[in-house]
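1. One predicted model, sequence on top.
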Amino acid sequence: MAFVSSFAGVSCHPPPPPPVSTPALSRRSLLSGAAAAAVVAALSGVTPAPARAESGGLAGVVSRTFFPKSGFNAPEAIQPGDIAKDVEALSSESVKGAIKKLAGYRDAAAALRQDFKADPQLAVGTKARALFTISDLRNVLNEVDSVFDEESQKETDRVVRRIIQDVEELETSAAVRPGTPRTPKKIDRVERWFEKLDSDFERLLSFVQ
């Protein structure tokens with residue numbers, strides 16, 4: 001007797017797999033995937049090294065560029081008018097004196113920068129240490145910072161820390177071995193730290209003007 005298959009007419013091929021959905025581009029995928037490599041490569045050529053260091057490296061630059069959040073990873077989005085100040089404290093003699101000293105530090109740094117432009121082999125570290133005693137600078141910065149409310153200090157504290165770092169990095173980047181001239185690359189790096197220091201002084205002063 002002939003055997004007739006009960007599966008006649010039924011395809012034995014397995015069903016096709018379901019389509020794979022393409023996930024939306026997220027912050028994590030951007031920072032960790034191939035897209036991040038391309039973006040980081042592009043940004044590294046236009047973002048100064050001091051700025052990249054301050055913002056948490058190249059990943060920080062990518063995050064600030066594509067996923068900015070005011071007051072968190074994009075503090076520059078905060079405008080001077082957004083900062084709350086204690087008007088009474090701002091008019092006190094101690095604070096007014098600190099603001100005057102802060103402006104003096106800014107002007108002294110700007111003058112040193114001009115001297116450096118005229119002579120790139122200038123003993124920047126020695127002169128910077130004579131201009132900026134870190135403990136005195138910190139006291140002035142803290143006095144100015146005291147006029148802001150707690151929420152505003154999330155930004156102003158950040159600028160205060162940056163100024164201290166700028167001065168320290170300026171001295172470090174300017175250091176050379178005795179008898180060794182600065183290379184063009186080192187000269188450029190010192191100039192970038194001068195630029196950043198000036199920018200941070202101006203930003204903090206803009207909050208009390």
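-> Perfect, thanks for sending it.
2. what about the strands in the protein?
-> For the chain, applying DSSP state E gives no strands.
3. what about it, any weak spots by pLDDT?
-> Residues of the chain meeting the criterion pLDDT under 70: 1-77.
4. Would you mind finding the longest helix in it?
-> helix 93-118 (DSSP state H).
5. how about that helix: buried residues?
-> 95, 98-99, 101-102, 105-106, 109, 112-113, 116 (16 or more other CB atoms under 10 Å). All C-beta atoms are positioned from the backbone trio N, CA, C, and that covers glycine.
6. what do you get for stretch 194-206?
-> Buried residues in stretch 194-206 (16+ other CB under 10 Å): 194, 196-197, 199-201, 203-205.
7. ok now do Leu131, which residues does it touch?
-> Residues near Leu131 by CB atoms under 8 Å, 6 or more residues apart in numbering: 105, 108-109, 112.
8. quick one on the thing from earlier: will you turn the buried residues of stretch 194-206 into TSV that also has distance to Arg129?
-> Output for the buried residues of stretch 194-206, formatted as TSV (distance: CB to CB, whole Å):
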residue	distance to Arg129
Phe194	15
Lys196	18
Leu197	14
Ser199	21
Asp200	19
Phe201	18
Arg203	24
Leu204	21
Leu205	23
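9. Cross these against helices and list the overlap.
-> 194, 196-197, 199-201, 203-205.
10. Isn't Ser146 up against Glu88?
-> No - with contacts counted by CB atoms under 8 Å, Ser146 stays clear of Glu88, the gap being 11.7 Å.
11. circling back: among the buried residues of stretch 194-206, which one lies nearest to Asp157?
-> Minimum distance to Asp157 across the buried residues of stretch 194-206 is 10.4 Å, recorded for Leu204 (CB to CB).
12. ok, that closest one touching Asn142?
-> No - using CB under 8 Å, Leu204 makes no contact with Asn142, being 11.6 Å away.
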